[in-house]
Structure formats: structure tokens, C-alpha cells
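Peer 1: Could you work out the structure for the sequence below:
(one chain, ligands or ions: 1)
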Amino acid sequence: MITDPRRQVPRTDALLADPALAAAGERLGRALVKGAVQAVQQRIRDGELPPEAAVDAVLAVLPATAGSLRPVLNATGVLVHTNLGRAPLSPAAVEAVVAAAGTTDVELDLATGRRGPRGEAALAALVEAVPAAEAALVVNNCAAALALVATALGGDLVIARGELVEIGDGFRIPELLAATGARLREVGTTNRVTLADYRAALGPGTGAVLKVHPSNFVVRGFTRSVEVAELAPALAGTGVPLVADVGSGLLAPDPVLPEEPDLQSTLAAGADLVLASGDKLLGGPQAGLVLGRAELVQRLRRHPLYRALRVDKTTLAALEATLRGPLPPVRAMLAADLDGLRARARALADRLAGAGLDARAVDSEARVGGGGAPEHPLPSAAVSLPPSFAEPLRLGRPPVVGYVDGDRTLLDLRSVPPADDEALAAAVLEVGLRGD
Ligand SMILES: *Cc1c(COP(=O)(O)O)cnc(C)c1O
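Peer 2: Numbers count the residues shown, from 1 in each chain. Coordinates of the predicted model:
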């Protein structure tokens, strides 16, 4: 008997009325489900699927959420991976985001019924975490903080040539600063700058002296730079603020990363303002943190541009919970000890090898990433697999992103929260046993 498959394609409204698909429509939106229905109808028409498999096929292609961003297991060993969304939020921060996502009291004092200061609790948490700061402000990211400083403090920005940094993806801090209309007054050379260079550059038009931490590279050899502690006394009494972009957002010194500057020490050394990202080593949401002297923070807050750069309620919620809640994942990953990482790698490799896969535990080197501590590898441990695993793992559910080293795929465990080891094993087994 010959039947035309087109005659048997289930109708759109019949499929959308199926209880499972109707429920999916309630959750994901009808348009999204309808799109999946139409794709499956086409596969039936093309003879790829039997008509009775339609509902299951639609359910299989529906995304988990109405957004298309998916959770990914980061086994790259790069703790703060910009392509993977930088810092994963702590469970406490995620809960705070969900709680704040609806209507919330971000700018209302419920006790008086009056308008309140926006995000006051998050700002208070920042100032408490960095006692050398009198006040704090939060904007979209550190680049926004730089743009606000350059605009609001204005005039000539004095900056060392060795600190004219490209952050990544072609973004260059000097170009960002120049785009605000500020004039850059470059001092020194690529490798050397002295206090006398800075002194000679000061004038009536100077808006600020800016120090930018060259976070993603190092200059070695015949070099000289002027640190905040040396610059601050030289600027005292001139009225010129000293602003330091420290980049990675360590609140205080971390013994694991002795060369990484931190907010508290930089302010204590005499900076008037410090700037940093919220989603690097602080382990919080994407944000630009500005801390320091109250009068300067207030000037930035009052500048019209601030309104275009301020953060939303979910960022404020995540930031506060990151600061006040339990250790965020990035901090735990930095602190993880090598023996623990090796034990996890062995347990995973034994399990995978027990299932017949070519898996073994190896030592590896992890990185801070996100343009932090470029010269500071972190000792780590990984599961080593054949190279053919890299692509199917990346395309799996959940996607697992490792890296290829020589002729092996490595899954580094320092960047994977221990709670995800089970999901990691399941994803590798799924790929490894697929062909059997
Ligand atoms: C990462 C970085 C920036 C950019 O921060 P974003 O939060 O990504 O805008 C600026 N300056 C320094 C020194 C950095 O390390």
C-alpha cells in the first residue's frame, strides 16, 4: 500500500492541543512551541519521522527555557572564562536574583512609603567589604566605570603609556577613554615611567591621574612603573584625583594570587577611587564597581551619564548576595587544593574507565582567565580522554567545554564545581557509549 506521508502529517492545532505541548506552551510561550511543531511537521513530510512520533519529537527539540542561553559545564580550567559568561553566580546569588526579578523594593522604602536610595543595601555591603572606601557606586561593567570617570572628571587624563591596554575582543581602554571626549595625556614610554613624568604632565586642565592594571600581560626586563603608594603623596594638595582601575575585583589580598592588586590595599595606598569588574575574581554578576572618596563618588552619581550606566535590580541583588552570602564558586575554585582536585579526577577517570572508556587522571594547569594573573598558572587535575570527545561533548546535553592538549581532550576540574562532577560523568558516558 502506498501512502503519501503528507496526508498523514498531524495538524498544527491538533498538536498544539496535545496536553504535553499545551503545557509547554504555557511555560515557554505558544509561538516557540508552534515553531517546533512546524519543524517536526516538515520532518514528517520529508519521511524522516513517523506521524505518531510527532509529540515526542516536538518535546525533544523544545528548549529548557524560553531563552536560548544554556547552562554549560566549564572544564576549560579557565576560572573566569569570558566566552562562558565569566563568574558563575553562587546559589545564594541566584536565589537573590530570582527573588528580585519580579516587582521589588529596589527604590522604595517600605517603612515610609517614600522613594528610597537605589540599591542601598548592595552599596552598603561593598563599603563594609572594603573598609578603606567611604562610598560606592555600581555601573554596568568596569568599562562603564572608566567611561563615567573619564566623562565626569573630564579634562586631561594622565596615564602611563605602558598602561594603554587592550582588554580583549579589540576593545582598547585608550579608545574608550577618548570616545568620552577626554584628552589623554600619555606619560613615560612602553616600558618605563617615573614620578617626574607624572609631575611634568600635571596642569590646570588635568582631570585625573589614571592607573590601569595591565591585567592580561606583563612587561619584564628594563621596566619601571609608579605605584599608587608613590603617586598618591605626589598628588596630595593638587586637587587632582588618583583613580586606579584594578580590573579583577579582589576585595582584599589573596595569598593564592600575590601579584593581583586588590581594592582595599589600593585605596589604603592612597587612591581616591578604585574601579573593578564584579564578574571576575569577586565572583559576582557583571558590574563595574567604583569605590573611594564620598565626594568623588557623589560627583559620578550626579553626572547625567550615570543614568545610562546604572545597573538593574537583579544585578544589585546578585552583588549583595555575593558579598554577604557564602563563598562564590570562583573563590572556591581559586582556593581548591590540589589533592582534592586529583582525588576528583581519579574518581571520575576510574568510573569512566570502568565503563570501558579510554579515560585517565592527569595533572594539568588551570588559569584565572578574564584577563587576570596571566603569569600565574594554578596547579590542577583533569580527566584525559581521546581527542574525538571534544566536539560531541561540546554539543551534548549539557554541553561540556574542555580543551585539546596535544592528542588528548582534557577536562580540567578546577573550573568545575564539585557538585557538577556527576553531570560531567554522565555527559562523558553519554558520548563515550553512544556508538555501542
Ligand atoms: C577586565 C578589565 C576591564 C574591563 O572590565 P569589564 O567589566 O569587562 O568592562 C577594564 N580594566 C581592566 C584592568 C580589566 O582587567
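Peer 1: drop to CA atoms for contacts and neighbour counts, all remaining ones
Peer 2: Fine.
Peer 1: what about residue 50, distance to the ligand?
Peer 2: 49 Å (C-alpha to the nearest ligand atom, to the nearest Å).
Peer 1: Am I right that that residue is in contact with residue 41?
Peer 2: No - using C-alpha atoms under 8 Å, residue 50 is not in contact with residue 41, being 10.0 Å away.
Peer 1: What residues does the closest residue to residue 305 other than its chain neighbours make contact with?
Peer 2: Once flanking residues are discounted, residue 305 sits nearest to residue 148: 6.7 Å by C-alpha to C-alpha, 6 or more residues apart in numbering. Listed by C-alpha atoms under 8 Å, 6 or more residues apart in numbering, the contact partners of residue 148 are 300, 305, 306.
Peer 1: ditto for residue 422
Peer 2: Listed by C-alpha under 8 Å, 6+ apart, the contact set of residue 422 is empty.
Peer 1: Look at it and give its secondary structure.
Peer 2: Here residue 422 is recorded as helix under DSSP: H, G, I helix; E, B strand; the rest coil.
Peer 1: distance of it from the ligand?
Peer 2: Distance from residue 422 to the ligand, counting by C-alpha to the nearest ligand atom: 32 Å.
Peer 1: thinking again about what came up before, kindly reformat the contacts of residue 148 as JSON lines containing neighbour count, pLDDT and secondary structure.
Peer 2: Formatted as JSON lines, the contacts of residue 148 follow (neighbours: other C-alpha atoms under 10 Å; pLDDT from 0 to 100; DSSP: H, G, I helix; E, B strand; the rest coil):
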{"residue": "300", "neighbour count": "21", "pLDDT": "98", "secondary structure": "helix"}
{"residue": "305", "neighbour count": "15", "pLDDT": "98", "secondary structure": "coil"}
{"residue": "306", "neighbour count": "23", "pLDDT": "97", "secondary structure": "helix"}
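Peer 1: Up against the ligand, what does the stretch 1-150 of the chain have?
Peer 2: 141, 142, 143 (C-alpha under 6 Å from any ligand atom).
Peer 1: And the pLDDT at residue 248?
Peer 2: Turning to residue 248, the model gives it a pLDDT of 89.
Peer 1: Need the contacts of residue 148 in CSV (columns: distance to the ligand).
Peer 2: Below are the contacts of residue 148 laid out as CSV (distance: C-alpha to the nearest ligand atom, whole Å):
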residue, distance to the ligand
300, 17
305, 16
306, 15
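Peer 1: Switch those residues over to TSV; also include distance to residue 155.
Peer 2: Output for those, formatted as TSV (distance: C-alpha to C-alpha, whole Å):
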residue	distance to residue 155
300	15
305	16
306	18
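Peer 1: can you tell me the helix or strand for residue 254?
Peer 2: Per DSSP states H and E, residue 254 falls between elements, in no helix or strand.
Peer 1: residue contacts, it?
Peer 2: residue 260.
Peer 1: quick revisit: which one's more surrounded, residue 50 and residue 41?
Peer 2: residue 41 (25 against 14; other C-alpha atoms under 10 Å).
Peer 1: isn't that one right next to residue 10, touching?
Peer 2: Yes - with contact defined as C-alpha under 8 Å, residue 41 reaches residue 10; the gap is 7.2 Å.
Peer 1: Give me the common contacts of those two.
Peer 2: Contacts common to residue 41 and residue 10, judged by C-alpha under 8 Å, 6+ apart, are residue 54.
Peer 1: Give me the distance between stretch 266-275 and the centre of its chain.
Peer 2: Put simply, stretch 266-275 sits 23 Å off its chain's centre (C-alpha atoms, centre = their mean, to the nearest Å).
Peer 1: May I see the buried residues of it?
Peer 2: Under the neighbour-count criterion of 16 or more other C-alpha atoms under 10 Å, stretch 266-275 has 266, 267, 268, 269, 270, 271, 272, 273, 274, 275 buried.
Peer 1: Which of those residues fall in strands?
Peer 2: 273, 274, 275 (DSSP state E).
Peer 1: By proximity to the ligand, which residue of the stretch 251-400 of the chain wins?
Peer 2: residue 277 (4.1 Å; C-alpha to the nearest ligand atom).
Peer 1: Hmm, that residue is touching residue 140, no?
Peer 2: No - using C-alpha under 8 Å, residue 277 is not in contact with residue 140; the gap is 9.0 Å.
Peer 1: More neighbours: the two, which one.
Peer 2: Per other C-alpha under 10 Å, whichever of residue 277 and residue 140 has more neighbours is residue 277, with 30 against 21.
Peer 1: Show the contacting residues for the more buried one.
Peer 2: Neighbouring residues of residue 277 by C-alpha under 8 Å, 6+ apart: 141, 142, 247, 248, 249, 286, 287, 288, 289.
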